[in-house]
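In: let me see the structure of the following:
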Amino acid sequence: MELVRTIAMVISTCTVVIGAVFALIQLRHLRATRKREAMLELVHRLQTPEFARAMRTVFELRNSHPKGRVEEVVQQDPGLMYELMATWESLGILVFRGELSLETVDDFFSGPIVISWEVLGNFVIEERRNLQRETTWEWFQWLAERMEERENEKPPVPAYIAYYG
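Out: Numbers count the residues shown, from 1 in each chain. Below is the predicted model of the structure:
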């Protein structure tokens, strides 16, 4: 009788352990699925004509950088730059909360984020002053600063060089 009880306890313990291991595996799978979905959503959101136009505009503004020019462009088509900044803002939050890794965002967008902040940073600071709200575009700035820190520690190397043949 004692042997039967011991065997039942061993089986019961094994069942609990197997269940716990299965639950951990499922949690890992769920986390990986969420990250993959976040990356897919990111790619989907950034494959729009508006986003491409916004990036092209930022790159053009970088070459003709007088302060008034940025405000002029933003006033001509406010949605364009605001969509771009909202995208970087969203990415900053996702990175900070661990939904996306900084490395993944770096692989996708480090250059465009840093350039966007170079071009739009003064505009953002002025916007904060006008709105009397220091949190305006805070995650965009946070993300750009993280990208700049990474580039200062290790200069960016293009993928076609870093991962050749």
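
In: tell me the helix or strand right after the lengthiest helix in the chain.
Out: Ranked by number of residues, the top helix in the chain under DSSP state H is helix 2-45. With elements assigned by DSSP states H and E, the helix or strand that comes after helix 2-45 is helix 49-63.

In: report the inter-axis angle for that following helix versus helix 2-45.
Out: Here the directions of helix 49-63 and helix 2-45 differ by 60 degrees (axes from the mean of the first three to the mean of the last three CA atoms, to 10 degrees).

In: okay, buried residues for the following helix or strand past helix 49-63 please.
Out: The element immediately downstream of helix 49-63 (helix or strand, assigned by DSSP H and E) is helix 67-76. Under the neighbour-count criterion of 16 or more other CB atoms under 10 Å, helix 67-76 has Val70, Val73, Val74 buried. For every residue, glycine as well, the C-beta is placed using N, CA and C.

In: give me the pLDDT for Lys67.
Out: We note a pLDDT of 62 for Lys67 in this prediction.

In: residues contacting the most centrally placed residue in the chain?
Out: Closest residue to the average C-alpha location of the chain: Leu91 at 3.0 Å, with CA atoms, centre = their mean. Neighbouring residues of Leu91 by CB atoms under 8 Å, 6 or more residues apart in numbering: Leu42, Leu100, Val105, Phe109, Ile113, Trp139, Leu143.

In: show me the contacts for the fifth one.
Out: Translated: Ile113. So Ile113 contacts Trp88, Leu91, Val105, Leu143, Ala144, Met147 (CB under 8 Å, 6+ apart).

In: break the chain down into its domains, please.
Out: According to automatic domain parsing, the chain comprises the domains 1-33, 46-162.

In: chain center to the helix or strand of the chain with the lowest mean pLDDT: distance?
Out: Within the chain, confidence by mean pLDDT, DSSP states H and E is lowest for helix 67-76 among all helices and strands, at a mean of 78. From the chain centre to the centre of helix 67-76 is a distance of 26 Å (CA atoms, centre = their mean, to the nearest Å).

In: helices and strands around it, which ones?
Out: The contact analysis (3 or more CB pairs under 8 Å, 6 or more residues apart in numbering; DSSP states H and E) places helix 67-76 against helix 49-63, helix 78-96, helix 102-131.

In: shaky segments in the protein?
Out: Where the chain drops to pLDDT under 70, the residues are 65-68, 165.

In: distance between the host helix or strand of Asn152 and the chain's centre?
Out: According to DSSP H and E, Asn152 maps onto helix 138-153. Computed by CA atoms, centre = their mean, the chain-centroid distance of helix 138-153 equals 11 Å.
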